[in-house]
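Enquirer: build me a structure from this.
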Amino acid sequence: MLLAASAALLSAADSPPPPDPFNSNHTATPPPRSTVKTLPDRSAPPFTNAAAIYAGYSGPGEPTRGAGLGGWRSGREGIRYKGPDPKPGWQLDWDEKKSSSDLVIELGLLPPIKPLLELHLRDTIIRKGGDGFYYLTGSTGDNIWDRNNGIELWRSKNLQSWEYRGVIWDIDRDGTWQKNLRYIWAPEIHFIKGNYYLTYCMAGGANGGTGILKSTSGKPEGPYTNATTPDAKLTGGIDATLFEDDDGAVYFTWGRGTTIYRMKEDLTGFADAGREVQIDPASLAKAKEIGQGQSAAFEGASLFKRNGKYYLGGAIFIGGIDRATGRNGRYSSAVMISDSIYGPYKQWHEAVPCGGGGNYFKDDDGRWFCTYFGNDEASPFREKPALVQIDFAADNTIVIADDQPAFLLRDGTPTHWRSAKPIPSAP
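Expert: The predicted model follows:
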């Protein structure tokens, strides 16, 4: 879920990526270019694998077991899995592939967190609804590169106990233009102007793109219909999000967050032609140096406001991406700060190590959190929903809070986690 210094960067960031056998979230070793086959256009069934191997939904999930380590490492080459409930066809060579570790914890960058649920979910998003509940969404299904059938929803009053609300939007049941595509990624739920909206992307290459759905009942469970006119994608690319400012104006961005559109009052489309975000050159240079050649963010745009400051961020591989070896840097959440929604943005920093392209929100007690799902080998678990409490330094930059809620931590970890020695390990 950042920013550009030129029109060339804007075009590269927000247009569909060049042909590549792997998605940008992918972390496995690609085959030699000479052996890469042309991929299908992610269209309707038949799929490459039976539903018994790759179901299109994740289902309710279960309570976290122990420290919640292991998980799923999904991609077009299949699933590597470590956990109690493997399916036929899944690869169980987790340890040999070094899919996860406590490295980010051992470095003192992150507390020893555990998942909120034993649930296969990428791109975790949590937002407060208008009814007092917190709502959770994300990319679901056994393998989102093979099939992904719709959007699932969970809710909680306290961020601890989560209730499954089911499939709230199904491609075959509810889709229109989306039926020609089979991967719906990074859905986000938003409560805006008294109603619920879903932003999402159909990851279908040149034919894919972003969209917005609105609830026709005023309830988070829907049903949902296309919010914009005409009934078609809004942009190309992935990772759409909305932001409502203090004055009620609503803005849209996506991908790396390089362009921001103001929405019409009824959210049926864009009210302007979009404005390119401005970024301080020193901050962009720092992002490219630490990200080793990437821009200020790789994907997963997010936007929020605190104390009059705008925070625009996204996911970036700290240390870069090595396609040849499959060894990548931390898939972290990086942000920049500005006094204006369009910038200039400054103070680029790695806000939540391994935090990826999630979102930031404040709970009823005034605590701030960042969502998490684990998408690199430095993470203690992979592709499960989690939270990290954050704080803000005197210069407004984001830091990991010294005091963490006990329910987010492994058993035996002091809530003042930086004094926890040694780090509790899984049973």
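Enquirer: quick one, helices of the chain?
Expert: 7-14, 103-106, 171-174, 281-290 (DSSP state H).
Enquirer: could you tell me the least trusted of those helices?
Expert: Ranked by mean pLDDT, these bottom out at helix 7-14, with a mean of 35.
Enquirer: show me where the stretch 101-250 of the chain has strands.
Expert: For the stretch 101-250 of the chain, applying DSSP state E, counting those that start in this stretch gives strands covering 122-128, 134-139, 150-156, 163-170, 184-192, 195-202, 209-215, 224-226, 241-244, 250-253.
Enquirer: and those: which comes nearest residue 394?
Expert: With CB to CB, the closest approach to residue 394 among those belongs to strand 241-244: 24.9 Å. In short, each C-beta sits where N, CA and C put it, glycine included.
Enquirer: is it possible to export the strands of the stretch 101-250 of the chain to TSV including distance to residue 269, mean pLDDT and mean neighbour count?
Expert: As requested, the strands of the stretch 101-250 of the chain are exported to TSV (distance: least, CB to CB, whole Å; pLDDT from 0 to 100; neighbours: other CB atoms under 10 Å):
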stretch	distance to residue 269	mean pLDDT	mean neighbour count
strand 122-128	23	98	24
strand 134-139	23	98	25
strand 150-156	21	98	22
strand 163-170	20	98	18
strand 184-192	15	97	23
strand 195-202	13	97	23
strand 209-215	9	97	23
strand 224-226	11	98	18
strand 241-244	13	98	20
strand 250-253	10	98	24
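Enquirer: can I get those in CSV including distance to residue 235?
Expert: Compiled in CSV, the strands of the stretch 101-250 of the chain are given as follows (distance: least, CB to CB, whole Å):
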stretch, distance to residue 235
strand 122-128, 18
strand 134-139, 18
strand 150-156, 19
strand 163-170, 19
strand 184-192, 14
strand 195-202, 9
strand 209-215, 5
strand 224-226, 14
strand 241-244, 12
strand 250-253, 9
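Enquirer: among the ones you listed, which is nearest residue 377?
Expert: So among the strands of the stretch 101-250 of the chain, strand 122-128 is nearest, using CB to CB, at 15.6 Å.
Enquirer: quick one: strands adjacent to that closest one?
Expert: strand 134-139 (antiparallel) (DSSP bridges).
Enquirer: quick revisit: for residue 401, find the nearest of the strands of the stretch 101-250 of the chain.
Expert: It is, among the strands of the stretch 101-250 of the chain and with distance given as CB to CB, strand 122-128, at 16.4 Å.
Enquirer: specify the angle between the closest one and strand 150-156 in degrees.
Expert: Angle, strand 122-128 to strand 150-156, by axes from the mean of the first three to the mean of the last three CA atoms, to 10 degrees: 50 degrees.
Enquirer: just the angle for strand 122-128 relative to strand 184-192, thanks.
Expert: 10 degrees.
Enquirer: burial of residue 118, as a residue count?
Expert: 21 (other CB atoms under 10 Å).
Enquirer: with the one 3 residues further on instead?
Expert: As a burial measure, the neighbour count of residue 121 was computed by other CB under 10 Å and equals 26.
Enquirer: what sits against the spatially closest residue to it that is not a sequence neighbour?
Expert: Of all residues not flanking residue 121 in the chain, residue 138 sits nearest, at 4.1 Å (CB to CB, 6 or more residues apart in numbering). The neighbourhood of residue 138, defined by CB atoms under 8 Å, 6 or more residues apart in numbering, consists of 121, 122, 123, 124, 125, 186, 187, 373, 385.
Enquirer: list the contacts for the last one?
Expert: Going back to what we said before, that points to residue 385. Contacts of residue 385 (CB under 8 Å, 6+ apart): 115, 116, 117, 119, 121, 124, 126, 136, 138, 371, 372, 373.
Enquirer: if I look at it, what pLDDT would I see?
Expert: Confidence score, pLDDT, at residue 385: 98.
Enquirer: begin at 467 from now on, thanks
Expert: Noted, 467 is the first residue going forward, which turns the last one into residue 851.
Enquirer: got the contact list for the residue lying closest to it once chain neighbours are set aside?
Expert: Excluding its sequence neighbours, the residue lying closest to residue 851 (CB to CB, 6+ apart) is residue 590, at 4.3 Å. Applying CB under 8 Å, 6+ apart, we find residue 590 in contact with 602, 604, 824, 837, 838, 839, 851, 852.
Enquirer: could you dump those residues to JSON lines with distance to residue 614?
Expert: Listed next are those as JSON lines, based on distance: CB to CB, whole Å:
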{"residue": "602", "distance to residue 614": "17"}
{"residue": "604", "distance to residue 614": "11"}
{"residue": "824", "distance to residue 614": "18"}
{"residue": "837", "distance to residue 614": "19"}
{"residue": "838", "distance to residue 614": "20"}
{"residue": "839", "distance to residue 614": "15"}
{"residue": "851", "distance to residue 614": "16"}
{"residue": "852", "distance to residue 614": "21"}
